[in-house]
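Visitor: A structural model of the following input is requested.
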Amino acid sequence: MADRMEQMRQIKDEILHLETSPLYAYRTENNYYPVIGEGSHSANIMFIGEAPGKNEAQQGRPFCGASGRVLDQLLESIGLQRADVYITNVVKDRPPENRDPTPEEIALYTPFLVRQINIIQPRVIATLGRFAMDFVLDLFDIPEKGGKISKMRGQVLDAQAEYGAIHVVPLYHPAVALYNQSQRKTIEEDFAVLKEFVT
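Guide: Presented below is the predicted three-dimensional model:
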């Protein structure tokens, strides 16, 4: 466990000083923090989103705004807390105006995420939102890649990580429940699929 902690600390240190990132200047100009991730370094379930928003960059924590509260409620609905899982993003720094990350930014931050996955070795990766789903399905070359999130959500897909077989579960972004209250029940039902991975 201490070794995992040290490896994560190394990642944090590298990202903190990642001056080659196109987002580095924007971070330092705004006194933002990189958002490395949060939770258990031996979690069974790892959540991956797109990139930090303003709240996240100000606090250096993933999903700490309104959508984070929804995520906390969803975790509680399957008997978990943040400390039981690991939550991170594909891109670790906030893009300006909440725009989509560029291919260059994604390519730069991808190796850090891959290292995090290999350190934690989760049994299941739950993607939060379309962007994260597309990225992870492509990363593991899952046959279902390229599908629509409305069709893929809540499905348990098989994948092969460096350390063994895993599952990927695409989920809507928690913010969907904020913008479209009628989708809340759907999101809760999809989330319940993760119960089988709770030990």
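Visitor: Name the helix or strand for Arg69, please.
Guide: Counting by DSSP states H and E, the element that carries Arg69 is helix 66-77.
Visitor: Could you identify the helix or strand that succeeds that helix?
Guide: Elements were assigned by DSSP H and E; along the chain past helix 66-77, the next helix or strand is strand 86-89.
Visitor: In its sheet, which strands sit next to that next one, and in what direction?
Guide: Partner strands for strand 86-89, per DSSP bridges, with pairing direction: strand 38-39 (antiparallel), strand 45-49 (parallel).
Visitor: Please identify the most buried of these.
Guide: Stretch with highest mean neighbour count among the strands paired with strand 86-89: strand 45-49 (a mean of 27; mean count of other C-beta atoms under 10 Å). Quick note: C-beta positions are derived from backbone N, CA and C, even for glycine.
Visitor: Name the residues that touch that strand?
Guide: 62-63, 71, 80, 84-90, 113, 116-117, 120, 122-129, 132, 135-136, 173, 194, 197-198 (C-beta atoms under 8 Å, 6 or more residues apart in numbering).
Visitor: Just the angle for that strand relative to helix 66-77, thanks.
Guide: Our comparison of strand 45-49 with helix 66-77, counting by axes from the mean of the first three to the mean of the last three C-alpha atoms, to 10 degrees, yields an angle of 160 degrees.
Visitor: give me the low-pLDDT residue ranges for the protein?
Guide: By pLDDT under 70, the weakly predicted segments of the chain are 1.
Visitor: can you pull out the helices in it?
Guide: Counting by DSSP state H, the segments of the chain that form helices are 2-16, 24-29, 54-59, 66-77, 103-120, 130-139, 149-152, 175-179, 184-191.
Visitor: distance between the last one and the chain's centre?
Guide: Okay, so that is helix 184-191. Counting by C-alpha atoms, centre = their mean, to the nearest Å, helix 184-191 is centred 18 Å from the centre of its parent chain.
Visitor: what packs against it?
Guide: In terms of contacts (3 or more C-beta pairs under 8 Å, 6 or more residues apart in numbering; DSSP states H and E), helix 184-191 is packed against helix 66-77, strand 164-171, helix 175-179.
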